[in-house]
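Asks: Below are the sequence and a predicted model; questions follow.
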Amino acid sequence: NMNLRLIVFIYISGHFMLSAQKYDFNWISGYLQTGISAGEYFGVQIFDFNSGNFRIIPAPQTELDFSGANGIISNSEGQLLYYCNGYSVEYGDHMKVPVAQDLNNTYGALSLADAQTVLFLPHPDGSNRYLMLYGKDSLSKIDNYGRWSAADFRYMIFDNTKDSLKGKVEIRDQILFRDTLLSGRLTACRHANGRDWWILVPERNAYGYYRVLIDNKGPHLIDKQFIQEKFVEGISQVCFSPHGDYYVSQTANHDGSFTYLFAFDRSTGLLSFKAKQVNGFSNAKGVSFSPNNKLLYISLTQKVIQY
């Protein structure tokens, strides 16, 4: 129906764009479904796009909660490989990856609070390896809206060269850098060379952005860029435009809905501030560009705004 198509349209902006590949052909969302039949559309769901039209597949086998973080990746053929809620990683068959558990330590939480807290990417070296990037939470740092702040930025590498569907952990819980970081806001853009990846990681309550380059040797911290607008705290979503020349952040909190638009240089990974838009209070925070790179859509509580 129309409501479901609208939800999927807004949701897609949290996923990276890959032409002629199927790394993002499975999505995951939902919450623990204890006591609910697998035939009912509640709890954890897999959104499968391999047939050309998405199918909703209940996943009662997993014990993970995805009401917040929901990183997921498939191989180039669209076969589900890994997913993670910020605490635990499971294979596509819903079995736990043995040494990829207890990644965060927020007491009493079921999943990290923000949807873009975990990011999976195919390795740029062209091998059958995959990266997972995520923030490590800290019990001593909590923001004004009840979410845990990341204390450092980490990554893992999974090697599927010997087993295409159930690889091994090659690098576990590796620290790339430490700082007090805004929760979520992880997405990726292809470098201008068409092979490597850029990731931007914002500081919390500051004007700094960490530029992370992922090349055939793995992730590297390039430096920190300082921008003229300090991002507000709140629930947020970020995305790059399909051509990779714009970067937008949408944040909602008790003071309103804040949209920040930047030009992005895919060769250097640098941002250039373009515009800021403040709308009224909203508990929604979806953001997406049109496929032709010309329009920007912002979702608020009861409407979608087109720019």
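Replies: Right, received. Where do you want to start?

Asks: how far away is the most centrally placed residue in the chain from residue 285?
Replies: The centroid of the chain falls nearest to residue 116 when counting by CA atoms, centre = their mean (3.2 Å). Look at residue 116 and residue 285: by CB to CB, to the nearest Å, they are 10 Å apart. Heads up, the C-betas are built off the backbone N, CA and C, glycines and all.

Asks: try residue 223
Replies: 28 Å.

Asks: More neighbours: which of those two?
Replies: Between residue 223 and residue 285, counted using other CB atoms under 10 Å, residue 285 has the larger neighbour count: 26 against 10.

Asks: Contacts only, for the more buried one.
Replies: Contacts of residue 285 were listed using CB atoms under 8 Å, 6 or more residues apart in numbering, and they are 234-237, 250-252, 257, 299.

Asks: Could you do residue 77 as well?
Replies: By CB under 8 Å, 6+ apart, the residues touching residue 77 are residue 22.

Asks: Per-residue pLDDT of it, please?
Replies: Model confidence at residue 77, expressed as pLDDT, equals 94.

Asks: what kind of secondary structure is it in?
Replies: Following DSSP: H, G, I helix; E, B strand; the rest coil, the label given to residue 77 is coil.

Asks: That one and residue 45, how far apart?
Replies: Counting by CB to CB - residue 77 and residue 45 are separated by 21 Å.

Asks: Repeat that for residue 185.
Replies: 24 Å.

Asks: Give me the more crowded residue out of those two.
Replies: Between residue 185 and residue 45, residue 185 has the larger neighbour count (other CB under 10 Å), namely 25 against 19.

Asks: Name the nearest residue to that one, ignoring sequence neighbours.
Replies: residue 238 (4.8 Å; CB to CB, 6 or more residues apart in numbering).

Asks: Please, which helix or strand holds that neighbour?
Replies: Using DSSP states H and E, residue 238 maps to strand 235-240.

Asks: after that strand comes which helix or strand?
Replies: With elements assigned by DSSP H and E, the helix or strand that comes after strand 235-240 is strand 246-253.

Asks: Quick check: buried residues in whichever helix or strand comes after that following strand?
Replies: Sequence order places strand 256-264 as the next helix or strand after strand 246-253, per DSSP H and E. Buried residues in strand 256-264, counted by 16 or more other CB atoms under 10 Å: 256-262, 264.

Asks: Nearest to residue 22, out of the residues you listed: which one, please.
Replies: Of all those, residue 22 sits closest to residue 264, with 25.2 Å by CB to CB.

Asks: Most neighbours among the contacts of residue 285, which one is it?
Replies: Using other CB under 10 Å as the neighbour test, these are led by residue 250, with 29 neighbours.

Asks: mind listing what that residue touches?
Replies: Going by CB under 8 Å, 6+ apart, residue 250 touches 236-238, 257-260, 285-287, 298.

Asks: And for the closest residue to it other than its chain neighbours, the neighbour number?
Replies: Spatial nearest neighbour of residue 250, excluding adjacent residues (CB to CB, 6+ apart): residue 287 at 3.9 Å. A count of nearby residues for residue 287, using other CB under 10 Å, gives 22.

Asks: Then residue 215?
Replies: Neighbours of residue 215 under the rule other CB under 10 Å: 15.

Asks: how close does it sit to residue 272?
Replies: Remark: distance between residue 215 and residue 272 (CB to CB) = 23 Å.

Asks: tell me the SS of residue 29?
Replies: Applying three-state DSSP: residue 29 is strand.

Asks: who's in contact with it?
Replies: Contacts for residue 29 (CB under 8 Å, 6+ apart) come out as 11, 44-45, 47, 66, 70.

Asks: Please flag which of those residues sit within strands.
Replies: Judged by DSSP state E, the contacts of residue 29 include 45, 47 as members of strands.

Asks: Take the contacts of residue 29 and write them to CSV, including pLDDT and distance to residue 198.
Replies: Putting these into CSV (pLDDT from 0 to 100; distance: CB to CB, whole Å) gives the following:
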residue, pLDDT, distance to residue 198
11, 46, 22
44, 87, 31
45, 88, 30
47, 93, 26
66, 87, 26
70, 89, 22
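
Asks: Just the closest of the contacts of residue 29 to residue 26, please.
Replies: Nearest to residue 26 among the contacts of residue 29, with distances taken as CB to CB, is residue 47, at 6.8 Å.

Asks: if I pick that closest one, what's in contact with it?
Replies: Taking CB under 8 Å, 6+ apart as the test, what residue 47 contacts is 8, 26-29, 54-57.

Asks: try it again with 6 Å
Replies: Contacts for residue 47 (CB atoms under 6 Å, 6 or more residues apart in numbering) come out as 27, 54.

Asks: bridging residues for it?
Replies: In this entry, residue 47 is beta-bridged to residue 27, residue 56, by DSSP bridges.
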